[in-house]
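J.: coords please:
(one chain, ligands or ions: 1)
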Amino acid sequence: MVQAAISAIGHYLPEDRMTNADLEKLVDTSDEWIQSRTGIRERRILKDPTKSTAFMASRAAEEVLRKRGIGADEIEAIIVGTVTPDMFFPATAALVQANIGATNAWGFDLSAACSGFLFALSTGAKFIESGRHKKVLVIGADKMSSILDYSDRTTCVLFGDGAGAVLLEPAEDGIGIIDSIERTDGSQWDVLCMRGGGSLIPATHESIDQGLHYITQEGRSVFKYAVTGMADVAVEIMEKNNLTADDIRYLVPHQANLRIIDATARRMGIDSEKVMLNIERYGNTTAATIPLCLADWESELRRGDGLVLAAFGGGFTWGAVYLKWAYDGCDVAIHPELVNVLAN
Ligand code: UT7
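T.: Numbers count the residues shown, from 1 in each chain. Predicted structure coming up:
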């Protein structure tokens, strides 16, 4: 069977850092509270008001093309996981398509909050597995600072901006995305949402005055569901595939809260050195957290490494992916070992 393997990774992080000390000047919070409750020290913020999610996504996509050594015209589909699209329509994927010059690609956005990249990855994999496409770009990108209320201490300390992108290509059996689980439960939609600006509450002076264009979260409720949801699905994918902790080189968890990640690793029986963790530096970048982890750890990864990706987010949405890594880590153009791995 043809499987979809990640054949290159790219990422984009804005240069500007917002530290916990910076936030102490904006809201009644402390470095101690933020670090002990979340694990975050700083996050990146895209300060330039003329730059957007599509800008970051395009930069990440360009890095993918550069590293894989292919032209944008070879891309056949672009899926962008995001809850901060540049605008309702056209899709951010269309803007990325134009920015990078992917003249032969179609594309669409996928809205699944913090599970956006994971859902986009499993969707993109289906296009490869079915034989429909040979090169699919999957991107997770969010400019969370564009929907944060910097007077609300319960949300503004948590999130940051960033983008990560991967290329999916066909691979031989046993390498690539082996399995995935996706879940949605909309009954709790209102504990983590942005109420305003859609067809239910179109933007008006009143909706703006009420701050309905900002993200709101009942942190404690979300925490309760996230801590069990992410661990449950990670354990479920291990059981489904008869995996023990020894079969897993890395857990790649969505980075919302260090305590949620620790609980997931504990339930899986995974030691902390096998957990990708960069929440300290980037905060919660929503759809970008998982590809940003992969980008940070790329040089450590080896062909055949077992990875479990797991996410939980607003919706609720949650899920897990089990994959076998396709190439030995490197960060310069064209992975020579892919010649043997990818089934052209
Ligand atoms: O990524 C998408 C999914 N999202 C998540 O997975 C997030 C899940 N939730 C969480 O990670 C945690 O609930 C938070 C980090 C958001 C909050 O941590 P918590 O331990 O659940 O705190 P809490 O919301 O129960 O608040 C505890 C106290 C409250 O004060 P009182 O009521 O006990 O007096 C809050 O008002 O901390 C207060 N608080 C803060 N204090 C200082 C809330 N935010 C802050 C803050 N600085 N930034």
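J.: Wasn't Phe127 part of a strand?
T.: No - according to DSSP: H, G, I helix; E, B strand; the rest coil, Phe127 belongs to no strand; its state is helix.
J.: near the ligand, which residues of the stretch 101-250 of the chain?
T.: Cys114, Arg153, Thr154, Val157, Leu158, Leu192, Gly219, Arg220, Val222, Phe223, Ala226 (C-beta under 6 Å from any ligand atom). The way it works is simple: take the backbone N, C-alpha and C, and place the C-beta from them, glycine included.
J.: out of those residues, who's nearest Ala21?
T.: Using C-beta to C-beta, Val157 is the member of those that lies nearest Ala21, at 11.6 Å.
J.: Next, count neighbours for the residue nearest to Gly101 when sequence neighbours are not counted.
T.: Nearest residue to Gly101 in three dimensions, chain neighbours excluded: Ala72, at 4.5 Å (C-beta to C-beta, 6 or more residues apart in numbering). Ala72: 20 surrounding residues under other C-beta atoms under 10 Å.
J.: Also Glu172?
T.: The burial count for Glu172: 15, using other C-beta under 10 Å.
J.: So what does it look like in phi/psi?
T.: phi -70, psi 160 (degrees, to the nearest 10).
J.: repeat for Phe108
T.: phi -160, psi 160.
J.: I'd assumed Ser58 was in contact with the residue nearest to Gly101.
T.: No - using C-beta atoms under 8 Å, Ala72 makes no contact with Ser58, being 10.1 Å away.
J.: any shared contact partners between the two?
T.: Ile100 (C-beta atoms under 8 Å, 6 or more residues apart in numbering).
J.: need the contact list for the residue of the stretch 1-150 of the chain found nearest the ligand.
T.: In the stretch 1-150 of the chain, the residue that lies nearest the ligand is Thr29 (3.3 Å; C-beta to the nearest ligand atom). With contacts defined as C-beta under 8 Å, 6+ apart, the neighbours of Thr29 are Asn20, Leu23, Arg153, Val157.
J.: Nearest residue to it in space, please, no chain neighbours.
T.: Take Thr29 and drop its neighbours on the chain: the residue closest to it by C-beta to C-beta, 6+ apart is Arg153, 4.8 Å away.
J.: Pretty sure Glu24 is one of the things that neighbour touches, is it not?
T.: No - with contact defined as C-beta under 8 Å, Arg153 does not count as touching Glu24 (10.0 Å).
J.: Can you list which of the residues of the stretch 101-250 of the chain next to the ligand are found in helices?
T.: Arg153, Thr154, Gly219, Arg220, Val222, Phe223, Ala226 (DSSP state H).
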